[in-house]
Structure formats: structure tokens, C-alpha cells
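**Q** With the input below, show me the fold.
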Amino acid sequence: MNNYEWSLDVLYKGFDDPKFEADMKAVDGKIADLNDLAANLGSMSNKDTLLAYVRISEELNQLASDLFSFSGLRSSTNARDTEANSALGRLMGKLSATAKAETAVKKYIAAMEDLDALIESDPILKEYEYMLKLIRENNAHILSEDCEQIMALYGISGSRAWGDLHGFLTSSVTADYRGEAINLSSVRNLAYDPDPAVRKDAYEAELACYEKIKDPIAFSLNSIKLEVINNARLRGFESPLAQNLFGAHMKRETLDALLGAMSDHFDLFRRYLKIKAKALGHKNGMPWYDMFAPMGGIDKKYTVEEARDYLLNIFKTFDKDLHDMVARAFAENWIDFYPHDGKRGGAFCSGLEGHQQSRILTNFDGSFSDIVTLAHELGHAYHNLNIEDHRPLNNNYSMPVAETASTFNENVIMNAAIANASSDEEKLALIESQLMDVTQIICDIYSRYLFETSVFENRENEFMDASRMCELMLDAQKKAYGDGLDHEALHPYMWLCKGHYYSTRSFYNYPYAFGGLFARGLYAIYEEQGESFVPMYKNLLHTTPVASVEDAAKVAGIDLTKKEFWAKSLESYKKNVDEFERLVNKLYA
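**A** Below is the predicted model of the structure:
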């Protein structure tokens, strides 16, 4: 390899590329076409109306996808890229103006008495059967054209602005750590430091840091949640959760089965925390500041090329298509590897719709955890690969299934690494890392779900100041973690540091538990079936954009509304906790 930054040339060569401005103008043309269609409803046959709507939407979707992808990806590697930020603002302004016409056309489609027959009459419409029937189902929750346009416009200066305030304050605040001012991301990353004094000092500095910004962010959260409550009521939903599940194409029975199984198995993960806490010298459960303390040891650092070879060597035993896609990702500059000033933290994968490619951002430093991160994000790219032969508007899968392929990839990599560990220290580090992650998606995610539920229950009649938010968060953590954590050293400000709360997309928490346990359950089936599992798995991924989560799971013979599947996934971790305890007793006695 000779380039460790991604290339966006498949989209545009730059903002001065004539194609970029031409596509911006083309967006205006497609919006005009949509407005014309809305203004002349009834002037053509229902079938021609459907086909016209599909054609315009496909063309507008492709243009918007390219423009948003290029601008957003540029901004993610340089927060100070004013051209990218300006382009994103222009695009959001243009597309928010489509709400009125989009609503009018969808209401017209929903009212077609012959919709089912028309779907059967045309191959293109047949491919869009799921989408068109969803339009009809969604109609009960759509407001008038004028109302939808007003809400789209006010959202820019309402919830989106409050969310921007949260992002600005948390990215600009500094923590006073050992006499030095450092940013919030840096002080939070010290939770993984091998030095216990560093971890505790960083935790205390982090909590003190939130005191500086807690009040305006409490205003932000109160305002966003009240907007969500009002939006749900206006659209005829019983609650924000009901609205979320409707948008996720998921039944309440599935969520109840998932949460019920998680609650039933809290003791397994509390046991892990208590074993770790005791090994680190704590008697009353794990204090928050030591929850991410490293154990065991993996000293090896990997180059990008070594990481590539490691992934290819393992994935070739699973599926040739996955292996070949990973090889392409490294060879064709799909990945932006190294951290630098102005680049966002963390990692993500973004599909380039219509180009049969994805782009992956990571902040690679050569650790084994970075290999796992790459595997995770390449799983998203593999999911994209398996839906690329759908028509352009059939390319979005709901949040609950979004983490399926990524977490499955993690299972493939981690289980292979544990099986091939060269020492007890390395094996302990790997198992502990896996248990740390799953404890987050079980206990921490459950606490976030409880917290958000309580915020919605209280917000309509109460303005919750920062101290009240902290009280609700501590209560949620105690219920989820139980005696696994030291109740005198919890994290009252988890409501403030997690950006997931600060958008109108509510309950952005349980999908992580869903994805982690769904993938774990699928991996157990893979272990039983071997190679014969892979075609079914690829078919399941292919089905996700055009089916409910329950129907997609049926491809694998899974009933998500029953606790049994989720319980089996959770119980598979018992052997990991047992082995973790054995290794801890051996190495930390």
C-alpha cells in the first residue's frame, strides 16, 4: 500500500470539479420534477404516477447520496473544511423543501385502491412492493403537506440546533487533568490506560469537566425530548417508543423478548465485573473508573499491511466474497486510517450508493483492537455488498439489523484470535476485551434505555435540570449493573457525554444490544452448520432492506419474538466468563 487516506474520486475530484456543481443544479431539477408531479396528481394513470415517482426519487436519491457522501466524508476528516460544511448546509436546505411535495405524492399513493394490483402488474413496482406498502401503512402518521414542510424547516432551527449545541460544547470543553487542559475525548480515552492512578484521575477530571457545560446541555436535552413527544403525539403514536419501533419495522414483542432475556442474564455480566474488580483490588464491585482497565497483555503492534493480512487470512476461511471485498478495500483506498488534527474520532463505514463501494474511517494506532474495529466496519461494507443489487430506493435497512454483519465479523475475528492465543496473558486480554464489550451492550445499553424511558415519562410535566438528569442516570445504572459496580463510583453524566440522546432519533440504544446478540446467535448457527450457513447468511443480509426485522430473521429460521433465541445468545458467554475467572485466578492470584 502507498496511500493511507481514502480516495473520493469515484464521487468528485473536489468541490471545484464541474460535476459537483452540475449535480447540485441537477438536484434542483429533480426537486422541480417532484413538485410538478405533486401539482398534477390525477392527470395521469395511477401506474404512470407510481413509475414517475419511482424514477424521480431514484434519480434524486443518487444525486443527493453522492453529494452528501462527498461533503460529509470530507468534513469527517477535516472539521474545518468550510467548503464541505457549506455544501452540507446547502443540501439540507434544498432537500428540506421537498417535504410538501413528497407528502402530497405519498398520500396520493396511499389512497390508491388498486395499489396491490398495480404492484403485481409491473416488475419495477414489484421490486418496490415493500416500500410502496410501507407508504400506505405510514399514511396514518403523515400530517398535511404544509405541516410536514413546516416541521422539516423548523427542525433545522429546533432539535437540530439543540443537537449542534451539544456537539459544540462537548467538543470544545476542556478537562483539567493534572494541571493540563485536554479535550473531552482525550480524557475519556485515559479510562483504558494501564496505570490505575491515571484512570482514576482522568475519571475525576472528566466528571469535573461536565460541571462547566451541564446546564445548557440539560436545556438541550429537555428541548429535544419535548419535540419528540409532541411529534409522536401529532402523528398519532402512543409514545416515542412506539414511533421508534414503527420506524424500525420491529414489533414490541421482539423488544420485550430482547430486554427480558437481557434482564434475566444480568448476573452473568455482574459476575464478570466482580471477578475483575476483585483482581484489581476492589471489594464492593467495580468502580466506574476501572471498568475499562486492561488485563492480560497483547504487546504486538500491527502495521496497516499486517492488519490487512491478518484479516484476509481469517476471512478467507469464511467467505470468498468477504475476503475479496476486504482486499479491494485496502487496495482501492476505501479506508482513511490515521488520526490527525481536525479528523473526527472513532470509526464508521459509509456506503457509496450506486458505486458498489464503501468508505471507512478509523483512527488506527496499530493495536489489536484496531484490527477488530476494521473488521467491524468492513462488516458494514459487506452488508452493503449484499444489498447492492436491489433497486436504488431499496438500500436502507433499519437500525436494529444495522449492526448484524459488523458484529458478526467481530465474532469471527475474536474467536479465531482466542483460539490461537500464544499465551495465557494474551488469551486473558482477548477474552476480557470481548466481555468488556458485551457487558457494555447488555448492562450499559440497558441503563441507557431505562434512562431515556424515564426522561420521556417525566419530560411532559417536568423540566429536568442537570441534577435531576444525573439522578435518573444513576438510578438506571444501579438497576442495570446491580452489585457489579461500586455504587459510590458510578457515572452520573453519561446522559451528557453520549451524543445518541441529542437528536430526534430516540432510543438509539437497544439496537446495539439487538445487533450484538443477533450476530452472536447467528455465529452459533455458523459454528453448527459450517459452510452451508454462508449462503443463508448472505440471503438474510440481502433481505434486510425489504422486510421487517422479524421477517428477515425468519430467513435463518429465527423467531425474534421469543426469549429463547436471545437467551441462547446470552448463555453462550458463560464459557467465556468461566475461562476469564480461571485465567484471572491463575495470573492475578
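
**Q** Relative to Ala402, how far out is Trp6?
**A** 21 Å (C-beta to C-beta, to the nearest Å). All C-beta atoms are positioned from the backbone trio N, CA, C, and that covers glycine.

**Q** and if you look at Phe456?
**A** Counting by C-beta to C-beta, the gap from Phe456 to Ala402 is 23 Å.

**Q** cool, and Met112?
**A** For Met112 relative to Ala402 (C-beta to C-beta), the value is 31 Å.

**Q** Please apply the same query to Val455.
**A** 23 Å.

**Q** if you count what's nearby, which of these two comes out ahead?
**A** Val455 (26 against 19; other C-beta atoms under 10 Å).

**Q** Identify the residues contacting that one.
**A** Residues in contact with Val455 (C-beta atoms under 8 Å, 6 or more residues apart in numbering) are Leu221, Lys225, Met464, Met469, Leu472, Trp495.

**Q** Sketch out the low-pLDDT regions of the stretch 51-200 of the chain for me.
**A** By pLDDT under 70, the stretch 51-200 of the chain has no low-scoring segment.

**Q** helices and strands of the chain: which one has the lowest mean pLDDT?
**A** helix 145-157 (a mean of 81; mean pLDDT, DSSP states H and E).

**Q** Can you name the element that comes right after it?
**A** helix 159-172 (DSSP states H and E).

**Q** what angle sits between that next one and helix 145-157?
**A** 10 degrees (axes from the mean of the first three to the mean of the last three C-alpha atoms, to 10 degrees).

**Q** so where's the chain shaky on pLDDT?
**A** Those would be 1-2, if you go by pLDDT under 70 across the chain.

**Q** most residues in a single helix of it, which one?
**A** The longest helix of the chain (DSSP state H) is helix 46-77.

**Q** Packing partners of that one?
**A** Helix 46-77 is packed against helix 18-39, helix 82-96, helix 99-110, helix 115-121, helix 123-127, strand 348-352, strand 357-361, with contacts defined by 3 or more C-beta pairs under 8 Å, 6 or more residues apart in numbering; DSSP states H and E.

**Q** Gly297: what secondary structure?
**A** coil (DSSP: H, G, I helix; E, B strand; the rest coil).

**Q** what's the answer for the one 3 residues further on, then?
**A** Classification of Lys300 by three-state DSSP places it in coil.

**Q** Next, work out how far apart the closest residue to it other than its chain neighbours and Tyr446 are.
**A** Counting by C-beta to C-beta, 6 or more residues apart in numbering, Lys300 lies nearest to Phe368, which is 7.0 Å off, once chain neighbours are set aside. Going from Phe368 to Tyr446 by C-beta to C-beta gives 28 Å.

**Q** Between these two, which has more neighbouring residues?
**A** Remark: of Phe368 and Tyr446, Tyr446 carries more neighbours, 24 against 21, as counted by other C-beta under 10 Å.

**Q** these two touch, right, the more buried one and Gly484?
**A** No - look at Tyr446 against Gly484 with C-beta atoms under 8 Å: they stay out of range, at 12.0 Å.

**Q** Just give me the residues shared between the contact sets of these two.
**A** With C-beta under 8 Å, 6+ apart as the test, Tyr446 and Gly484 both reach Phe266.

**Q** returning to that earlier point: okay, the angle between the least confident helix or strand of the chain and helix 82-96?
**A** Using the same axes, to 10 degrees: helix 145-157 against helix 82-96 is 160 degrees.

**Q** Show me what counts as buried in the helix or strand Gln477 falls within.
**A** Assigned by DSSP H and E, Gln477 belongs to helix 466-481. Buried residues in helix 466-481, counted by 16 or more other C-beta atoms under 10 Å: Ala466, Met469, Cys470, Leu472, Met473, Leu474, Ala476, Gln477, Ala480, Tyr481.

**Q** For the last one, which non-adjacent residue is closest in space?
**A** The spatially closest residue to Tyr481, leaving aside those adjacent along the chain, is Cys443, at 5.0 Å (C-beta to C-beta, 6+ apart).

**Q** and if you look at the fourth one?
**A** Taking C-beta to C-beta, 6+ apart as the measure, Leu472 lies nearest to Ser454, with 4.9 Å between them; neighbours along the chain are not counted.

**Q** do the first one as well
**A** Beyond its immediate neighbours in the sequence, the residue positioned closest to Ala466 (C-beta to C-beta, 6+ apart) is Lys214, lying 3.8 Å away.
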